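Novice: Take a look and give me a structure for this.
(chains A, B, C, D, E and F)
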There are 6 protein chains.
Amino acid sequence: MVFIGIHAFFTSLNDLERIIRCPGRFKYEEHNVAAHSWKVSQYAMFFATLEERAGNTIDWKSLYEKTINHDFAEVFIGDIKTPVKHASLELKQMLAHVEEKMMEKFIFEEIPTDLQEVFLARMKEGKDATIEGRLLEFADKLDQFYESFAELKHGNTDREFVYMYQTALTKLLQIPLQVSVLYFKNEILADVIAEKTTIDIAQLTNQILQNHKD
Amino acid sequence: MVFIGIHAFFTSLNDLERIIRCPGRFKYEEHNVAAHSWKVSQYAMFFATLEERAGNTIDWKSLYEKTINHDFAEVFIGDIKTPVKHASLELKQMLAHVEEKMMEKFIFEEIPTDLQEVFLARMKEGKDATIEGRLLEFADKLDQFYESFAELKHGNTDREFVYMYQTALTKLLQIPLQVSVLYFKNEILADVIAEKTTIDIAQLTNQILQNHKD
Amino acid sequence: MVFIGIHAFFTSLNDLERIIRCPGRFKYEEHNVAAHSWKVSQYAMFFATLEERAGNTIDWKSLYEKTINHDFAEVFIGDIKTPVKHASLELKQMLAHVEEKMMEKFIFEEIPTDLQEVFLARMKEGKDATIEGRLLEFADKLDQFYESFAELKHGNTDREFVYMYQTALTKLLQIPLQVSVLYFKNEILADVIAEKTTIDIAQLTNQILQNHKD
Amino acid sequence: MVFIGIHAFFTSLNDLERIIRCPGRFKYEEHNVAAHSWKVSQYAMFFATLEERAGNTIDWKSLYEKTINHDFAEVFIGDIKTPVKHASLELKQMLAHVEEKMMEKFIFEEIPTDLQEVFLARMKEGKDATIEGRLLEFADKLDQFYESFAELKHGNTDREFVYMYQTALTKLLQIPLQVSVLYFKNEILADVIAEKTTIDIAQLTNQILQNHKD
Amino acid sequence: MVFIGIHAFFTSLNDLERIIRCPGRFKYEEHNVAAHSWKVSQYAMFFATLEERAGNTIDWKSLYEKTINHDFAEVFIGDIKTPVKHASLELKQMLAHVEEKMMEKFIFEEIPTDLQEVFLARMKEGKDATIEGRLLEFADKLDQFYESFAELKHGNTDREFVYMYQTALTKLLQIPLQVSVLYFKNEILADVIAEKTTIDIAQLTNQILQNHKD
Amino acid sequence: MVFIGIHAFFTSLNDLERIIRCPGRFKYEEHNVAAHSWKVSQYAMFFATLEERAGNTIDWKSLYEKTINHDFAEVFIGDIKTPVKHASLELKQMLAHVEEKMMEKFIFEEIPTDLQEVFLARMKEGKDATIEGRLLEFADKLDQFYESFAELKHGNTDREFVYMYQTALTKLLQIPLQVSVLYFKNEILADVIAEKTTIDIAQLTNQILQNHKD
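Specialist: From the prediction side, this is the model:
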């Protein structure tokens, strides 16, 4: 990036549309970081609504900020494979540190002085213990759940997606958001399991021929 | 869509990742509706921040809802070409009406009864006279501005993009958001105009050879 | 389009190569409007040959015109999703009306005066009660049949394709073209149903190893 | 292909949608053989109309057959690079011979006996001395002209497209179709040359800002 | 190609990255000639290592040259469909002859005089009776084996891939490389057959739910 | 990866065909790691030939191993953006360490015991001080040079490619390979600078019309 100011920031949003998640693994439907961020903001709004109706207080501005910005740093580092990030705790911390430094450098170089504090707050790691932080975590995992589900449903037998599905589902069930987890388990999962995954074309055809004859 | 419940809604988000804006016209960078919605939510947050700092009150929950949902209806009707929508006022109203009916049908069939009201409110046309409605309008136009700018910058001479750029820019300058328009005009546009659009490779090479010699 | 004259018309043909049918739904093989039009012209020629051999008279110029031009209007309005078109009879008529108006506008603006009448006749709705009109209808449905069949055969379980297959097949059987429908039912469908849809790799391998040993 | 009968023929049409012309060379807009065939059938219909109005007799059934079938043989041999075909007269004849043999084999194996003669006539080389044969030649070259023009216009500097443009244009001017060539030269070429090929974004922007101020 | 000298040669390498193998047939994973050549060089190095450890002498420079250059000629003729090449022995020889002539023409026109002999030797047909020639043959077939296996595994039921798999496997078992063939048969094939090819999502989900409950 | 043995290794080669270099930045021609590795093996063979002719001794087996394996580790970590790798020396070392550990883990888990030593030697960092190590470095940089040159030539004005071109060229001139650097500077660069980068279509057309008239 060599532009300056907010124009540089806006231009970088477009770059995130070009960064593909798990490049080379998805065989049926590719996902980019921009679209992923939008889906996370959608899931989070839905479950925040459930939590609010159950009596919890939601800071909607915070949830908005957290969800749409949570992967902005990928504009600097790309989509580093999860196994790499988790190879060692030391590396994970190191990568988080570099990410933070590159973000700060970007903010100090590109963002006008009087807005730097806002951007620093907005772009910092959002998955904290607040209910908004937990909703972000839940929504982010849910997208992994749906991404892997779509591949498996279409017939992709790559074990990586079985693993992604298992990991995402396991984590979703453990996130401390009682109302959301319950809803996901009782409503969403029931529909997921019930989805038909094969079509018998000959039977389909014969049925129509039969109907036509009658 | 044949799924039911919120699972159907979440699955439809994935469909929006597959709906391409202005199919077949963008030669350099394609855009899908999901990624576009995210960029709009980003622009809107930025200009809302400016407006808030200038003393205006922002309803962040409303802005969040408006921006991420503003193109959800395209899951039903696809990306109908703008000239079609604007061919006659009557058609425009008719299309808006059908869109509304399909949205209602979807909500009544797929969304659990106790959440239907929330979805009806959230999915209705967001470009109203409130400051959040105007910010949505501004952000939506700004993405058209950036989409056409990117094509022109890369050398696309399709007059449709010249027209899109002219229209978007003209409308941006007219939206009643004093602080945002001024900032856009003085800060963003200055950087846009200043962007270098050609590279002389021979000169670039000779310079490096010269440096190497010295 | 800002070109003028026949050059504008020829350039618009290229645009139809970029308009994707049912954008975002086909997971295995995308189809554009230009290629679809060609396949329709092929199917129509085949069934017209059958009908002619059975004693019917074919106006080949008319069939040629009808098949290659039947989706030209999509250059103006794109591929509007079928459920939208069928949402209400009123909307369907309105869209047909707008389409017609845009076509006329194009012809009056771009086509030289002495050719306008030819173009107006050539571009009007071709699915009339003539045998050529019925052959166009049959061929157009047959392509939907083949497009949905190909998706289902490759393992796509999206119910939209089951529905498209059912609808196309049902309509094909009802079109008043006795010879063509009979041939389709007795010859084509028999082969369609007989297609093998799964391969057992282990068995395939062991067979070859067995042959090698012998 | 392992299907049999007309189903095999219809399935092979879909294969032609997947065969890309000049694979790997077009940088802006790819073309497949199916879409190309459709464009050729469009150009041919237009110029046949001109020739007919000038007093020539057109056999429309023949023109229809010639244009939509002229590249069907590519389903067997793919899009062999032109320089290869023209490397030696002997090779060219040999390839034509193989193509013919594979076509015959396909027709004898897949097409029902009573239709084989029709298919043999329909699929044989169409670029003969008849007016329909010359119109096919003209339309086929015109598509090469437009394909190379589009690449050059978008800024592709690959000399192969300069050469393709030069060759196509030179040949177009020599085809014995007086009315068509004259029309192409006087009407089409004038518009081609007049097309604007660069856009000055800064000027465009300043103009709008100026208008806004006034 | 209109460049001259080694720059022309290096630029042509990039062209091979754009030439797709079996265009239009692979539904899951496309392969280009450059990547294929690399995989062949990898397989060959592995089996050459086995053969060397078994006491055979390997000329590594020759193996290196043979593997990376074996499909360079496709830059001139593209990926001509195998059935075409094998349609007649005469045509196969003719094509090989043209290929050779175009290669010579390229070398004499583009390669500096003192390097022409090196290039002529390096680019000639590499599948001779030497152990390096047989390893090239083995590695080239192995890539066909893996390419077809990947399609079949993902659920592609196109009979062409069944045929490609059968042919490749049958030939692999017959190549006179005792150590390599044995290793392939006993080690590789065992793993190939053992690969799981379907995933039961409902079972996977219930298992995780069960674990979560416990 | 869940396969075992050499089958796992061969399958991972296919994965490298799906890992795109600098994802989202190349606008004209994408490159994958497999094809890049092949081009590096080609450049290296050419310059090794020059060096050998100038009296240097080349270990061809070593060069073969180094070039085809130099980016294999990307199968584990993907294509991490260069600015990230260079953000701090500490991070660079940390990433190199993790890469090494993942490679070792892969070798110990997947590669048969008696081949592990061979793989460990083959997969270790190849850019050492040997002439083969320097040729690898030179060839790797040359591909960056050609990748950025191709983008700039096609009109991409992204400053990242200007920077990539400058950096690659500067480093190429400094690598201690006297013969290769001289050849690159005197022969390749001269041709690079001489490439024509714009085409005037109107002039091209008028010239042909003029020729036609004469």
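Novice: Could I get the full set of strands for chain A?
Specialist: Along chain A, no segments are classed as strands by DSSP state E.
Novice: Next up, the contacts around the residue nearest in space to the middle of it.
Specialist: When CA atoms, centre = their mean is applied to chain A, the residue found nearest the centroid is residue A:140 (3.7 Å). Residue A:140 makes contact with A:40, A:70, A:127, according to CB atoms under 8 Å, 6 or more residues apart in numbering or on different chains. Any C-beta I mention is one placed from the backbone N, CA and C, and that applies to glycine too.
Novice: got the phi/psi numbers for the nearest residue to the second one once chain neighbours are set aside?
Specialist: Meaning residue A:70. Spatial nearest neighbour of residue A:70, excluding adjacent residues (CB to CB, 6 or more residues apart in numbering or on different chains): residue A:126 at 5.1 Å. The phi/psi pair for residue A:126 (degrees, to the nearest 10) reads phi -100, psi -10.
Novice: from what I can see residue A:126 touches residue A:133, true?
Specialist: Yes: Residue A:126 is within contact range of residue A:133, at 6.0 Å (criterion: CB atoms under 8 Å).
Novice: Identify the contacts common to these two.
Specialist: Common neighbours of residue A:126 and residue A:133 (criterion: CB under 8 Å, 6+ apart): residue A:66.
Novice: more crowded one of these two?
Specialist: More crowded of residue A:126 and residue A:133, by other CB atoms under 10 Å in any protein chain shown: residue A:126, with 22 against 17.
Novice: Return the distance of that one relative to chain F.
Specialist: When distance is defined by CB to the nearest CB, to the nearest Å, residue A:126 is 21 Å away from chain F.
Novice: contacting residues around that residue?
Specialist: A:65, A:66, A:67, A:69, A:70, A:132, A:133, A:136.
Novice: Show the model's pLDDT score for it.
Specialist: On pLDDT, residue A:126 comes in at 93.
Novice: Kindly report the same for residue A:197.
Specialist: For residue A:197, pLDDT reads 68.
Novice: One more: the one 10 residues further on?
Specialist: At residue A:207 the predicted local confidence, pLDDT, stands at 85.
Novice: how deep is it tucked in, by neighbour count?
Specialist: Residues near residue A:207, counting by other CB under 10 Å, number 13.
Novice: Skip the chain neighbours and tell me the closest residue to residue A:66.
Specialist: Residue nearest to residue A:66 in three dimensions, not counting chain neighbours: residue A:126, with 3.6 Å by CB to CB, 6+ apart.
Novice: For the one you found, give its distance to residue A:49.
Specialist: The gap separating residue A:126 from residue A:49 is 19 Å, by CB to CB, to the nearest Å.
Novice: Any idea which helix or strand in chain A has the lowest mean pLDDT?
Specialist: The weakest-scoring helix or strand in chain A, judged by mean pLDDT, DSSP states H and E, is helix A:82-85 (a mean of 67).
Novice: Identify the residues contacting residue A:36.
Specialist: A:21, A:71, A:143.
Novice: which of those tops the neighbour count?
Specialist: Neighbour counts for these, by other CB under 10 Å, peak at residue A:143, which reaches 23 neighbours.
Novice: Tell me if I'm right that that residue and residue A:38 touch.
Specialist: No: look at residue A:143 against residue A:38 with CB under 8 Å: they stay out of range, at 9.9 Å.
Novice: how about low-confidence regions in chain A?
Specialist: For chain A, applying pLDDT under 70 flags the ranges A:1-4, A:81-87, A:197-198, A:214.
Novice: Output the set of residues of it in proximity to chain F.
Specialist: By CB under 8 Å from any CB of the partner chain, the residues of chain A that approach chain F are A:1-2, A:15, A:17-20, A:23-25, A:76-81, A:83-84, A:87-88, A:90-91, A:94-95, A:97-98, A:101-102, A:159-160.
Novice: Could you report the distance from residue A:90 to residue A:97?
Specialist: Distance from residue A:90 to residue A:97, counting by CB to CB: 11 Å.
Novice: same thing with residue A:209?
Specialist: 66 Å.
Novice: now do residue A:174
Specialist: Applying CB to CB, the value for residue A:174 to residue A:97 is 27 Å.
Novice: Which residues of chain A lie near chain E?
Specialist: Within chain A, the positions near chain E by CB under 8 Å from any CB are A:27, A:149, A:152-153, A:155-157, A:159, A:161-162, A:165-166, A:169-170, A:173-174, A:185, A:189, A:192-193, A:195, A:197.
Novice: Switch the contacts of residue A:140 over to TSV; also include distance to residue C:45 and neighbour count.
Specialist: TSV is the format used below for the contacts of residue A:140 (distance: CB to CB, whole Å; neighbours: other CB atoms under 10 Å in any protein chain shown):
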residue	distance to residue C:45	neighbour count
A:40	51	25
A:70	56	24
A:127	62	15
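Novice: Now go through these and say which are in helices.
Specialist: residue A:40 (DSSP state H).
Novice: Between the contacts of residue A:140, which sits nearest chain F?
Specialist: residue A:70 (18.5 Å; CB to the nearest CB).
Novice: Give me the phi and psi for that closest one.
Specialist: Taking degrees, to the nearest 10 as the convention, residue A:70 sits at phi -60, psi -20.
Novice: if we can go back for a sec, need the buried ones from the residues of chain A next to chain F selected in PyMOL.
Specialist: Under the burial definition 16 or more other CB atoms under 10 Å in any protein chain shown, those of the residues of chain A next to chain F that qualify are selected in PyMOL by:
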select buried, chain A and resi 1+15+17+18+19+20+23+24+25+76+77+78+79+80+81+84+87+91+94+95+98+102+160
